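from the sequence below, what's the structure:
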Amino acid sequence: MTPVFVALLLAQGTKKPPPVDVWSPPTPRVFAAWNGQFAFKVLPTEQGTKAIGYLFSVDGDGSEHEIWKRALECVPVEVYVSDAGQVATIDEWGGRGKKHSLVTYDAKGKTTSDRSLRDLFPRMDPKREAFILQTPSSFQWMIQAQAGFYIPGNTRFSPVGLFDQDLKTGGRQVFWIKTFWGDLLRFDPDTGKELDRKQV
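Below you'll find the model as predicted:
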């Protein structure tokens, strides 16, 4: 279940934030990799302030095979799972664009990076800030953004294939975010390192 933002659309294109934004309590959710080989459960605690993450594959008989299970850095809003089992989460439930704006986990469940919005954009200029809708709880930086995992150079499955001829990863998965204002950021989920960023 996604958060409900009252008067959000009316506030777009203006500097005045909507009067109210309401977050429903987080509920258990499941996210799958594109190839269907991995899936990831987010299981919030009763208080809704923390969550357990559970990465699993499905065996031939339909049973789940646990790969890793651990407390997550936050209750995430968005979750992406790679075809190799890495996980990336975007934003924290109850307040987007603050702490935990991007968290990456390797295929064994280790946290490899945990970035706030300010970590992602330390030198945000006024032109870019104008694209971020501010509500009482959040900085809505992912409106009309795109994100996901892919392998650079694999243009058949690469949504940003036209922009990665200069990025060589040896066939390893990369997590990418393309913002509404045109910044393309790419990260290595196994190390948490930012690989590059550019305007597209």
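
just name the shakiest helix or strand of the chain by mean pLDDT.
In the chain, the helix or strand scored least confidently by mean pLDDT, DSSP states H and E is helix 8-11, which has a mean of 42.

for the protein, give me the ranges with low pLDDT.
For the chain, the stretches with pLDDT under 70 are 1-20, 154-170.

after the least confident helix or strand of the chain, heading C-terminal, what element do we hit next?
strand 29-32 (DSSP states H and E).

what packs against the helix or strand just after that following strand?
Sequence order places strand 39-44 as the next helix or strand after strand 29-32, per DSSP H and E. The helices and strands touching strand 39-44, judged by 3 or more C-beta pairs under 8 Å, 6 or more residues apart in numbering; DSSP states H and E, are strand 29-32, strand 51-58, strand 76-81. For glycine as for every other residue, the C-beta is placed from the backbone atoms N, C-alpha and C.

most tightly surrounded among these?
strand 76-81 (a mean of 21; mean count of other C-beta atoms under 10 Å).

could you give the angle of the helix or strand following that strand to strand 76-81?
With elements assigned by DSSP H and E, the helix or strand that comes after strand 76-81 is strand 87-92. Interaxial angle of strand 87-92 relative to strand 76-81 (axes from the mean of the first three to the mean of the last three C-alpha atoms, to 10 degrees): 170 degrees.

mind listing what's buried along stretch 174-189?
Neighbour counts over stretch 174-189 (16 or more other C-beta atoms under 10 Å) mark 174-179, 181, 183-189 as buried.

tell me the one of the residues you listed nearest Leu43?
Of all these, Leu43 sits closest to Pro189, with 21.3 Å by C-beta to C-beta.
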